[in-house]
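1. give me a model of this one.
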Amino acid sequence: MVMNGSSGRKDAGRDNAALDALIRDAVRRAPEPVPPDGFSARVMAGLAPRRLSAMARLRLWLTRPRSVTFTPLRLVPAMAAAVVLLAVGFLALERVNAPVAMDSSGQGTLPVRFVLHDADASARAVSVIGGFNGWQAGASTMRHDPAAGVWVLETRLPPGDHEYMFLVDGRPVADPQARLTRDDGFGNVNAILIVNGRHEHML
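-> All right, here's what the predicted structure looks like:
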């Protein structure tokens, strides 16, 4: 039997259509699959994000890009506050380093006598520097008494605690006779003179 090409293609098309219909019918009749107990919970648990460790969170925070925006108007209050703080600091520093004010009559002050034994006979100039004279070398020059072998300064100071040291030819020297001392934080030792009416001089 001889068949032409067109009739063969029609028969193949009918067979394919019948096969497709059988497959669709089998799929409709097949029972619907039921997932096992806990299947959904396990799937969701697997999808939930894991909690990062503290180190990982820190690394993420440090490496995360950030954008900072500011306007000049917002900088004005901060700059003004910084200027005020600097001014207050300078005023406080000047007040600490300022010499003690004493009137010409010497009222409210007590006589004080500074004495440095002449251990270095070659010294040419000795001064007392301290908070009461603004740590100025030329403000309190001592006189030399060669007969007694000492340098002496007699002055008047208000009651209170006064830090000082000797300046021998420009070299700071701690008072070896001081009973009270304090480290100045720069490698030197300041003597402390207490003026209260009973301790009126340093020997």
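2. mind showing which ranges of this protein have poor pLDDT?
-> By pLDDT under 70, the low-scoring segments of the chain are 1-13, 30-36, 38-40, 43-52, 66-76, 78, 84, 86-107, 119-120, 197-203.
3. all helices of it, in order?
-> Secondary structure of the chain (DSSP state H): helices at 5-29, 39-47, 54-63, 72-97.
4. if I look at Val173, how far off is Met142?
-> 12 Å (CB to CB, to the nearest Å). Using the backbone N, CA and C atoms, a C-beta is placed for each residue, glycine as well.
5. tell me which of the two has more neighbours.
-> Met142 (21 against 17; other CB atoms under 10 Å).
6. look up how far Met79 lies from the more buried one.
-> Separation of Met142 from Met79 (CB to CB) stands at 48 Å.
7. what do you get for Val152?
-> Distance of Val152 to Met79, given as CB to CB: 53 Å.
8. what of His162?
-> Per CB to CB, His162 is found 39 Å from Met79.
9. Pro172 bridge partners, please.
-> Bridge pairing for Pro172 (DSSP bridges) gives the partners Leu167.
10. dump the residue contacts of it.
-> Listed by CB atoms under 8 Å, 6 or more residues apart in numbering, the contact set of Pro172 reads Ile129, Met165, Phe166, Asn188.
11. again, but for Arg14
-> By CB under 8 Å, 6+ apart, the contact set of Arg14 is empty.
12. offset the numbering so it begins at 57, please.
-> Got it, first residue is 57 now, which makes that one Arg70.
13. Phe188 - how many residues pack around it?
-> Residues near Phe188, counting by other CB under 10 Å, number 26.
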